[in-house]
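Undergrad: take a look and give me a structure for this.
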Amino acid sequence: MTQPIDFGSSCEAVRALLERYHDDELPQSLAAPLRGHLLDCGDCRGRLGELQNQRGWMAPSEAFAAPAGFAQNVARLAFSGAGAAADEPEFDESSLEGEPAPVFDLMPFVLGVASVAAAGLLALSIALGLSAHRTGGAELLAEPLPEVLRELETLNGAAPEEADEATTEQRIQPR
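TA: As a prediction, the model looks like this:
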């Protein structure tokens, strides 16, 4: 007969066994003293609560029924040494009754939309580029720079001769 285990204040040993305890995989000889430790230790009890919360998020999935003859087809392919099946295994459509329809593959759709959007942006940029060249050109350069400077100095109250001298000095001095 084995002696009962006393975990006492050995939280590390208890924490190592908490997952197995939660899954009911511990024999009674370990589970009973572990429960006693959990009654006394709030930290280990909190760890067990965290573990239970984490496992609560992972709900078990519904059982999936494989199509008829699936196991035989897999075994036949595995023992034949074929890496990839050259011929498709027979598929029994009656096994799909009540199953949801196959999911539509979105990749071709997304690529099509992206290419249409790219072509539209290219056409728009070409159109904007052509319209920008039409508005520029000779109209914008109708007046030479010295004449524009004279007009600005006249508007500011300076004499036109002073504007000519200032323009000449600016051209000579490097920046």
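Undergrad: what strand or helix carries Arg35?
TA: Applying DSSP states H and E as the criterion places Arg35 in helix 28-40.
Undergrad: following element in sequence after that helix, please.
TA: Next along the chain after helix 28-40, taking DSSP H and E as the criterion, comes helix 42-57.
Undergrad: state the mean pLDDT of the next helix or strand after that next one.
TA: Downstream of helix 42-57, the first helix or strand assigned by DSSP H and E is helix 70-80. Taken as a whole, helix 70-80 has a mean pLDDT of 85.
Undergrad: per-residue pLDDT, Glu99?
TA: pLDDT, Glu99: 58.
Undergrad: again, but for the one 3 residues further on
TA: According to the predicted model, the pLDDT of Pro102 comes to 58.
Undergrad: same deal with the one 3 residues further on?
TA: You'll see Asp105 listed with a pLDDT of 73.
Undergrad: tell me the SS of it?
TA: Per DSSP: H, G, I helix; E, B strand; the rest coil, the secondary structure class of Asp105 is coil.
Undergrad: what does the one 3 residues further on give?
TA: State at Pro108, reduced to three classes by three-state DSSP: helix.
Undergrad: next one: the one 4 residues further on
TA: When the structure is reduced to helix, strand and coil (three-state DSSP), Gly112 reads as helix.
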